[in-house]
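A.B. asks: pasting a predicted model and its sequence here:
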Amino acid sequence: MTLQSQTSELLPGFDHAAFDSNAVFRVLLDALSRPGRIYDVPVSVATPDGLNATTTATLLAMADMDTTIWLSPTCVTKAATDHLKFHCGCPISDDVAKADFAVARIDDDLSFITHLSVGNAEYPDQSATLILMVDEISNAPAMKLTGPGIKDSHDLDIKKLPASFHAWRAENHHMFPCGVDVIFASPTKIAALSRTTRIEVI
Amino acid sequence: MEQLANNPADGATAYNFAYLDEQTKRMIRRALLKAVAIPGYQVPFAGREMPMPYGWGTGGVQVTAAVIGPNDTLKVIDQGADDTTNAVSIRQFFAKTANVATTEKTAEASIIQTRHRIPEKELREDQVLVYQVPIPEPLRFLEPRETETRKMHALEEYGLMHVKLYEDIARHGHIATTYAYPVMVDDRYVMDPSPTPKFDNPKMNNMAALQLFGAGREKRIYALPPYTKVKSLDFEDHPFEVQTWKDECGMCGAHDSYLDEVILDDQGNRMFVCSDTDYCAERQEAGHRGPQHHDQPLGNASREKAAE
């Protein structure tokens, strides 16, 4: 196999690394500092099999050799791992406890989330971020969110979010300042839950 | 110079956009995301050497460089003023390395980098305030060991800080801390608001804009998401109070802004002016006049007196 045939299958990354990664980061910064608010991702990127467009854009903007990525069994395609290794140069681990960013689909078996790193009391920043690929994000009143970043309350609805997620999330919130932050990534939109966000399921 | 640098054709091409390389920006951006997720907690980051000495805002500059995009408009203030050395040089730095528009008007800016003031004008949701922080650890002067202060934050052990404020009361009859006044963020972390006057502390509480803090020498980043509870530490019988002045601004007559005292001569004459230059200029444009403004009879009189 020549180098030519290996690289010809690769998809392109950002058109302009500095501007596109900045635009994606600003959306993530806004989303995490205003939990539950829904943002369009302003950049279109080629999407490898196994990931969706906003997840790919998020990882291209945030991941590099210093961040370990864990992909759920349904996401860990050759196309996805090749794409991330080439463009981000990030290590991809099959040990979920080592992940800085963990990527899964909403209809995956989500039992892995209890193994994600939550940091420790002295370094709560050494925790994982969960990127959950979902079909649809809307502000229908399924969850009522309050906490830092939210003026009064935000409504958020994630299609097919299982009850087990809420049980885990309630526990996660009690561990503050430790805990996992969650980014919901639909094909075009992003919303986030900070570890500080209180959720009332309506 | 600044206008020239704002022309995209004249931008510096020898640097990456906004000076820092992409990997450094990613590292700072990851720290920023953790910082907003844990309000008030100081996230360690691999601070880089910047082309300016420590103490001149290297932390704030790195945060701004990681956040700023080509469509942003940058305002930089130093003690409230847009026209001092530190503010001018940082504004020119980003005009040159990022080709961004710059402004002196608070309302027009999307990112405001500040050294030790919060603008008087209320900030909006679409604005980001970046603070330059010299010493991010509020407990540092009480406990010099980083291992200990880290443990104190982990255990929420803030008794020492209250003892310090109590000793102020015991010695002076009131809390004598007037700047870098410690705050409690979202009922969890005690945070140093950077050496802003305590006059500005109430503005941090429930602010609509995102607040980011960068300490370059100490290599720490922390943040306050919008609408976060920020409470200045105090006691029930000695509640937190901000400074007030008997005088008004000599130029615009404002009673509600933070005033700087200016010594006029060696005869004991002095005047007070707004520390926030944009706020003062805007009020003067709107026709407000203070007693020492050159339009005013007294203002001319004092100028003539000075000329004698």
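C.D. replies: That came through fine. If you're wondering where the values come from, they're calculated on a predicted model, not measured in any experiment.
A.B. asks: for the stretch 51-200 of chain B, give the residue positioned nearest to chain A.
C.D. replies: In the stretch 51-200 of chain B, the residue that lies nearest chain A is B:Ala154 (3.8 Å; Cβ to the nearest Cβ). Heads up, the C-betas are built off the backbone N, CA and C, glycines and all.
A.B. asks: per-residue confidence for that residue?
C.D. replies: Note for B:Ala154: predicted pLDDT of 97.
A.B. asks: how about it, what does it touch?
C.D. replies: When contacts are counted by Cβ atoms under 8 Å, 6 or more residues apart in numbering or on different chains, B:Ala154 touches A:Asn120, A:Ala121, A:Glu122.
A.B. asks: what strand or helix carries A:Ala191?
C.D. replies: For A:Ala191, the element it lies in under DSSP states H and E is strand A:189-193.
A.B. asks: for that strand, which positions count as buried?
C.D. replies: A:Lys189, A:Ile190, A:Ala191, A:Ala192, A:Leu193 (16 or more other Cβ atoms under 10 Å in any protein chain shown).
A.B. asks: from what I can see the second one touches A:Tyr39, true?
C.D. replies: Yes: under the contact definition of Cβ atoms under 8 Å, A:Ile190 touches A:Tyr39, with a separation of 5.2 Å.
A.B. asks: what's in contact with the longest helix anywhere in chain A?
C.D. replies: Across chain A, the longest stretch assigned as helix under DSSP state H is helix A:17-33. The contact list for helix A:17-33, computed with Cβ under 8 Å, 6+ apart, reads A:14, A:37, A:39-43, A:45, A:57-58, A:60-62, A:149, A:181, A:183, A:190-192, A:194, B:16-18, B:22, B:25-26, B:29, B:32-33, B:36-37, B:66-70, B:210, B:223, B:225-226.
A.B. asks: likewise stretch A:136-148?
C.D. replies: A:35-36, A:38, A:152-159, A:161, A:184, A:186, A:189-191, A:193-194, A:196-202, B:39, B:186, B:224-225, B:227-229.
A.B. asks: can you report how many residues neighbour residue 202?
C.D. replies: Unless you meant another one, I'm taking chain A. 10 (other Cβ atoms under 10 Å in any protein chain shown).
A.B. asks: let's do chain B instead
C.D. replies: B:Pro202 has 16 nearby residues by other Cβ under 10 Å.
A.B. asks: right, and the helix or strand after the helix or strand harbouring it?
C.D. replies: In the assignment (DSSP H and E), B:Pro202 maps to helix B:201-204. Remark: after helix B:201-204, the chain's next helix or strand is strand B:210-215, criterion DSSP H and E.
A.B. asks: pull the distance from that following strand to the chain's centre.
C.D. replies: Distance, stretch centre to chain centre, for strand B:210-215: 9 Å (Cα atoms, centre = their mean, to the nearest Å).
A.B. asks: show me what that strand is in contact with.
C.D. replies: A:29-30, A:33, B:32, B:35-36, B:42, B:47, B:58-64, B:67, B:127-136, B:194, B:204, B:220-226.
A.B. asks: let's go with 7 Å and repeat that
C.D. replies: Applying Cβ atoms under 7 Å, 6 or more residues apart in numbering or on different chains, the contact partners of strand B:210-215 are A:33, B:32, B:59-60, B:62-63, B:128-134, B:136, B:194, B:204, B:221-226.
A.B. asks: how about stretch B:106-114?
C.D. replies: With Cβ under 7 Å, 6+ apart, stretch B:106-114 has contacts from B:60, B:64, B:67-68, B:72-77, B:90, B:103, B:119, B:121, B:126-132, B:278.
A.B. asks: apply 6 Å and report the result again.
C.D. replies: Contacts to stretch B:106-114, defined as Cβ atoms under 6 Å, 6 or more residues apart in numbering or on different chains, come from residues B:60, B:64, B:68, B:72-77, B:103, B:119, B:121, B:128-131, B:278.
A.B. asks: and for stretch A:157-177?
C.D. replies: Taking Cβ under 6 Å, 6+ apart as the rule, stretch A:157-177 contacts A:106, A:113, A:118, A:124, A:134-138, A:140, A:142, A:179-180, A:184, A:195, A:201, B:38, B:41.
A.B. asks: for it, list every residue counted as buried.
C.D. replies: A:Asp157, A:Ile158, A:Leu161, A:Phe165, A:Trp168, A:Arg169, A:Asn172, A:His173, A:Phe176, A:Pro177.
A.B. asks: mind checking the SS state of the closest residue to A:Asp125 other than its chain neighbours?
C.D. replies: Sequence neighbours aside, B:Lys34 is the residue nearest to A:Asp125 in space, at 4.0 Å (criterion: Cβ to Cβ, 6 or more residues apart in numbering or on different chains). What DSSP: H, G, I helix; E, B strand; the rest coil gives for B:Lys34 is helix.
A.B. asks: and B:Lys34, how many neighbours?
C.D. replies: Neighbour number of B:Lys34 under other Cβ under 10 Å is 26.
A.B. asks: who in the stretch 201-308 of chain B is up against chain A?
C.D. replies: The stretch 201-308 of chain B has residues B:Leu210, B:Pro225, B:Pro226, B:Tyr227, B:Thr228 near chain A, with proximity defined as Cβ under 6 Å from any Cβ of the partner chain.
A.B. asks: next step: the residues you listed restricted to strands.
C.D. replies: Of those, the ones assigned to strands by DSSP state E are B:Leu210.
A.B. asks: now the residues of the stretch 201-308 of chain B next to chain A as JSON lines including pLDDT?
C.D. replies: Below are these laid out as JSON lines (pLDDT from 0 to 100):
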{"residue": "B:Leu210", "pLDDT": "98"}
{"residue": "B:Pro225", "pLDDT": "98"}
{"residue": "B:Pro226", "pLDDT": "98"}
{"residue": "B:Tyr227", "pLDDT": "98"}
{"residue": "B:Thr228", "pLDDT": "98"}
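A.B. asks: neighbour count for the residues of the stretch 201-308 of chain B next to chain A - can I get that in a markdown table?
C.D. replies: Below are these laid out as a markdown table (neighbours: other Cβ atoms under 10 Å in any protein chain shown):
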| residue | neighbour count |
| --- | --- |
| B:Leu210 | 27 |
| B:Pro225 | 26 |
| B:Pro226 | 23 |
| B:Tyr227 | 20 |
| B:Thr228 | 24 |
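A.B. asks: wait, which of the residues of the stretch 201-308 of chain B next to chain A is closest to A:Ala128?
C.D. replies: For those, the closest approach to A:Ala128 (Cβ to Cβ) belongs to B:Pro225, at 19.8 Å.
A.B. asks: quick check: that closest one touching B:Ala35?
C.D. replies: No: B:Pro225 is beyond contact range of B:Ala35, at 9.2 Å (criterion: Cβ atoms under 6 Å).
A.B. asks: show me the shaky parts of the chain.
C.D. replies: With no chain named, the answer covers chain A. Within chain A, the ranges that satisfy pLDDT under 70 run A:1-8.
A.B. asks: not quite, I wanted chain B
C.D. replies: Applying pLDDT under 70 to chain B picks out residues B:1-13, B:298-308.
A.B. asks: just the helices in it please.
C.D. replies: Here chain B has its helices, by DSSP H, at B:2-6, B:22-37, B:58-67, B:85-98, B:146-154, B:159-172, B:201-204, B:277-285, B:297-307.
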